[in-house]
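> Need the 3D shape of this:
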Amino acid sequence: MENVTATEFNVPTREEVSPINQEIFDNLNKALGFVPNLYATIAYSDNGLKRFLDYQNAKTSLSNKEKEAVNLIVSQVNECAYCQSAHTVLGKMNGFSDEQLLDIRKGKSSNAKLDALVKLAADITLNRGKASGEKIDEFFAQGYTKEHLVDVILQVSDKTAMNYLHNLTKVPVDFPIAQTL
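Now for the predicted structure:
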């Protein structure tokens with residue numbers, strides 16, 4: 001059953017956002033060639049877009065591939081079509097094949113280390129942070145550290161925020177639509 005909201009969310013244009021967000025829109029346009037609709041939607045908050053991008057771009061112990069694996073599985077668990085689509089594109093840009101991306105979204109990987117990461121991120125998301133001892137033990141057995149664990153939790157929170165934003169606003173997906181599982 002689809003949620004119906006009293007407010008229709010349109011994607012704000014550059015002219016409709018604060019001067020701070022206009023500058024961020026200009027930087028995103030230079031870097032990406034466009035302003036992703038979900039980022040534009042964050043710009044309803046005068047401070048939210050800068051705050052979120054600073055958080056999202058902060059240094060982490062996770063590689064870009066590991067971050068994309070977490071982003072994909074969290075977006076799958078949270079049923080966010082926007083982020084599944086965006087991170088399928090970003091996952092390809094970071095070296096994953098179509099088959100690997102689908103496996104990650106199904107909660108697995110043929111790479112044992114990545115498999116432990118994906119399974120733990122899914123468990124954290126599904127169980128609101130109460131991951132099973134077995135999944136945590138396997139994560140550590142694959143060479144991950146407590147630093148990695150903290151960074152996985154932060155990555156889950158980053159993606160969960162975006163998933164929730166899209167699931168609530170339903171702004172148009174401006175990436176090629178990810179294959180349905």
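> going forward, measure contacts between C-alpha atoms and count neighbours the same way
OK.
> remind me, longest helix of this structure?
helix 146-169 (DSSP state H).
> Please identify the buried residues of that one?
Residues of helix 146-169 classed as buried by neighbour count (16 or more other Cα atoms under 10 Å): 148-149, 151-153, 155-160, 162-163, 165-167, 169.
> Now do the same contact list for residue 83.
For residue 83, the contact set (Cα atoms under 8 Å, 6 or more residues apart in numbering) comprises 71, 72, 75, 162, 163.
> do residue 149 as well
Residue 149 touches nothing, counting by Cα under 8 Å, 6+ apart.
> And stretch 96-112, how far out from the chain middle?
Centroid separation for stretch 96-112 versus its chain: 16 Å, with Cα atoms, centre = their mean, to the nearest Å.
> And the average pLDDT for that stretch is what?
What stretch 96-112 shows for mean pLDDT is 98.
> Need the residues that contact it.
Taking Cα under 8 Å, 6+ apart as the rule, stretch 96-112 contacts 65, 69, 72-73, 76, 88, 91-92, 114-115, 118-119, 122, 142, 181.
> In these, which has the lowest confidence score?
Lowest confidence among these: residue 181, with 92.
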